[in-house]
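Peer 1: got a structure for you, letters missing:
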């Protein structure tokens, strides 16, 4: 049964992954993780007329696939936690409206995967839900037009800019799941060290990831070496370097077992994505492919999965505000140790 | 965190990769120069076909705007601009792109509130300051001519 460990962490009992799926776009399907995705859409529009509809379609597809793999039906899911980057989270609400499952829409920017997984796990562990679904998505084209420039606009991206992943992941959580256990979750605090550069989100989010990791290690007494993999959501190359340095200042050394989903999903040189991938779908699709696949195959035992979110809006950026960020952590265990 | 905002700002500056300025400038110089050369060639061509200097200049601008808009429509402009930067942005081709790109992007929100309204989201400020400064220069010129 869920119980608080230390100040920021919640320990869980027998809550496990029952099924999961990932759906991505063409560019992600050309990256190094291609073999692990459940479905790669050759059509960036996913057969729809607008980018927003494409993202909703992606959510619908990814949930359907996760339900299939879990051997579950929509009727058996007690609650669904989902969110995306679009205004008013329409990717989720339009994509999931046909399922008739009690729905809570989340906004945690790119931290949504860990946020949804945390809430699903707590709901299941406390008995508030028998089976819960956690999902998220992002779409490059829909995010660009909302946060940056039209697709055909001839702009130049700085080296610190990241590429929003077209993709999504869905995890079905239940007490009788046979997949990896969700052992602990740490809910992050909002961190803001004054970064204002919208093209350097990794730098804005690194302090949030550092705080959450530090909180988790302090609460549980565990060390980075206890894990086979520690991964952040989308800090990219600059942000993950900054995280390492911030952690070293706290006397916590992250070893070669640390990486970032944004660095894994693309071949950064060949695919011209500058500092790496970003977006809710970045950590969502990497969790629901590479990470959970390897855990189920016994190649990864203990994993710390963090999703990092930058909580600004285009308006707050135009008003000259700095970028507040949050990072949530989920400890997944294949139960071998 | 054991770091201040200012300390972190310095850390970010130190860790973040810089834009390759020399490479960007070379690209901008070559592509921008090439566009201007094409413009000059067009102007000469129009003059050869009997247009006056003023008409040839207008025809050149119109042709370059068309080319910028056309290349935007067929998804080529942004691929060149990614490397060329200011080289494609500063000539009139950049202005064409900045209007056509949002027009294409926002047509899904309808003809009036989408395409037509959003067409000027990027070019709007250029128009405002362009027109405002030409009024100021016009006034200065007018004052000088009084004497």
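Peer 2: Nice, I can see it. In this text the structure is predicted, and so the values were computed from the model without any measurement.

Peer 1: Get me the contact residues on the stretch 151-300 of chain A for chain B.
Peer 2: A:151-160, A:191, A:193-195, A:200, A:203, A:207, A:210-211, A:237-238, A:241-242, A:245-246, A:249-250, A:275 (C-beta under 8 Å from any C-beta of the partner chain). For every residue, glycine as well, the C-beta is placed using N, CA and C.

Peer 1: The same query, at a cut-off of 7 Å, please.
Peer 2: Residues of the stretch 151-300 of chain A found near chain B (C-beta under 7 Å from any C-beta of the partner chain) are A:151-156, A:158-160, A:193-195, A:200, A:203, A:207, A:210-211, A:238, A:241-242, A:245-246, A:249-250.

Peer 1: What remains of these if I keep only buried residues?
Peer 2: Buried subset of those (neighbour count, 16 or more other C-beta atoms under 10 Å in any protein chain shown): A:151-156, A:160, A:193, A:195, A:200, A:203, A:207, A:210-211, A:238, A:241-242, A:245-246, A:250.

Peer 1: burial of residue 10, as a residue count?
Peer 2: As the question left the chain open, I've gone with chain A. Neighbour count of residue A:10, defined by other C-beta atoms under 10 Å in any protein chain shown: 19.

Peer 1: meant chain B, my bad for not saying
Peer 2: Neighbours of residue B:10 using other C-beta under 10 Å come to 12.

Peer 1: separation between it and residue A:195?
Peer 2: 12 Å (C-beta to C-beta, to the nearest Å).

Peer 1: ok, now residue B:115?
Peer 2: Distance from residue B:115 to residue A:195, by C-beta to C-beta: 35 Å.

Peer 1: now swap in residue B:123 and tell me
Peer 2: Taking C-beta to C-beta, one finds residue B:123 at 30 Å from residue A:195.

Peer 1: Just to confirm, what confidence does the model report for the one residue in the stretch 1-150 of chain A that gets nearest to chain B?
Peer 2: Closest residue of the stretch 1-150 of chain A to chain B, C-beta to the nearest C-beta: residue A:150 (3.5 Å). If you check residue A:150, the pLDDT there is 90.

Peer 1: Around the closest residue in space to it that isn't next to it in sequence, count how many other residues there are.
Peer 2: Spatial nearest neighbour of residue A:150, chain neighbours left out: residue B:105 (3.5 Å); criterion: C-beta to C-beta, 6 or more residues apart in numbering or on different chains. Neighbour count of residue B:105, defined by other C-beta under 10 Å: 23.

Peer 1: do residue A:294 as well
Peer 2: Residue A:294: 18 neighbours (other C-beta under 10 Å).

Peer 1: Provide a list of residues in contact with it.
Peer 2: Shown in contact with residue A:294 (C-beta atoms under 7 Å, 6 or more residues apart in numbering or on different chains): residue A:300.

Peer 1: For it, pull up the helix or strand it's in.
Peer 2: helix A:292-296 (DSSP states H and E).

Peer 1: Could you tell me the average pLDDT over that helix, please?
Peer 2: 97.

Peer 1: Run the chain-centre distance for that helix.
Peer 2: On the basis of C-alpha atoms, centre = their mean, to the nearest Å, helix A:292-296 sits 16 Å off its chain's mean C-alpha point.

Peer 1: do stretch A:119-139 as well
Peer 2: With C-alpha atoms, centre = their mean, you get 14 Å for stretch A:119-139.

Peer 1: Enumerate the positions of it that are buried.
Peer 2: For stretch A:119-139, by 16+ other C-beta under 10 Å, it's A:119-125, A:129, A:131-139.

Peer 1: For chain B, which helix or strand comes out least confident on mean pLDDT?
Peer 2: helix B:86-89 (a mean of 90; mean pLDDT, DSSP states H and E).

Peer 1: who does that helix touch, helix- and strand-wise?
Peer 2: Here helix B:86-89 touches helix B:21-48, helix B:77-84, going by 3 or more C-beta pairs under 7 Å, 6 or more residues apart in numbering or on different chains; DSSP states H and E.

Peer 1: again, 6 Å this time
Peer 2: Using 3 or more C-beta pairs under 6 Å, 6 or more residues apart in numbering or on different chains; DSSP states H and E, the elements in contact with helix B:86-89 are helix B:21-48.

Peer 1: give the contact list for the residue with the largest distance to the centre of chain A.
Peer 2: Here chain A reaches farthest from its C-alpha mean at residue A:154, the gap being 29.7 Å by C-alpha atoms, centre = their mean. Residues near residue A:154 by C-beta atoms under 6 Å, 6 or more residues apart in numbering or on different chains: B:77-78, B:81, B:88, B:97.

Peer 1: OK, contacts around residue A:202?
Peer 2: With C-beta under 6 Å, 6+ apart, residue A:202 has these contacts: A:235-236, A:238-239, A:275.

Peer 1: mind checking how far it is from residue A:249?
Peer 2: 17 Å.

Peer 1: Among the residues of the stretch 151-300 of chain A next to chain B, which lie within helices?
Peer 2: A:203, A:207, A:210-211, A:238, A:241-242, A:245-246, A:249 (DSSP state H).

Peer 1: now for these, which pair is the farthest apart?
Peer 2: Pairwise distances across those peak at 18.1 Å for A:211 and A:238 (criterion: C-beta to C-beta).

Peer 1: Pull up the gap between the residue of the stretch 51-200 of chain A found nearest chain B and residue B:29, please.
Peer 2: Proximity of the stretch 51-200 of chain A to chain B (C-beta to the nearest C-beta) peaks at residue A:154, 2.6 Å away. Separation of residue A:154 from residue B:29 (C-beta to C-beta) stands at 17 Å.

Peer 1: How about residue A:326?
Peer 2: Distance from residue A:326 to residue B:29, by C-beta to C-beta: 43 Å.

Peer 1: these two touch, right, residue A:333 and residue A:302?
Peer 2: Yes: under the criterion of C-beta atoms under 6 Å, residue A:333 makes contact with residue A:302 at 5.3 Å.

Peer 1: Give me the buried positions along stretch A:256-274.
Peer 2: Those would be A:257-266, A:268, A:271, A:273-274, for stretch A:256-274 by 16+ other C-beta under 10 Å.

Peer 1: returning to that earlier point: can you put the ones in helices among the residues of the stretch 151-300 of chain A next to chain B in JSON lines and add pLDDT and distance to residue A:40?
Peer 2: Output for those, formatted as JSON lines (pLDDT from 0 to 100; distance: C-beta to C-beta, whole Å):
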{"residue": "A:203", "pLDDT": "96", "distance to residue A:40": "31"}
{"residue": "A:207", "pLDDT": "97", "distance to residue A:40": "34"}
{"residue": "A:210", "pLDDT": "97", "distance to residue A:40": "34"}
{"residue": "A:211", "pLDDT": "97", "distance to residue A:40": "35"}
{"residue": "A:238", "pLDDT": "94", "distance to residue A:40": "28"}
{"residue": "A:241", "pLDDT": "95", "distance to residue A:40": "30"}
{"residue": "A:242", "pLDDT": "96", "distance to residue A:40": "32"}
{"residue": "A:245", "pLDDT": "96", "distance to residue A:40": "36"}
{"residue": "A:246", "pLDDT": "96", "distance to residue A:40": "35"}
{"residue": "A:249", "pLDDT": "94", "distance to residue A:40": "40"}
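
Peer 1: Buried by neighbour count: which residues of stretch B:104-124 qualify?
Peer 2: Neighbour count says stretch B:104-124 has B:104-106, B:114-115, B:118-123 buried, by 16+ other C-beta under 10 Å.
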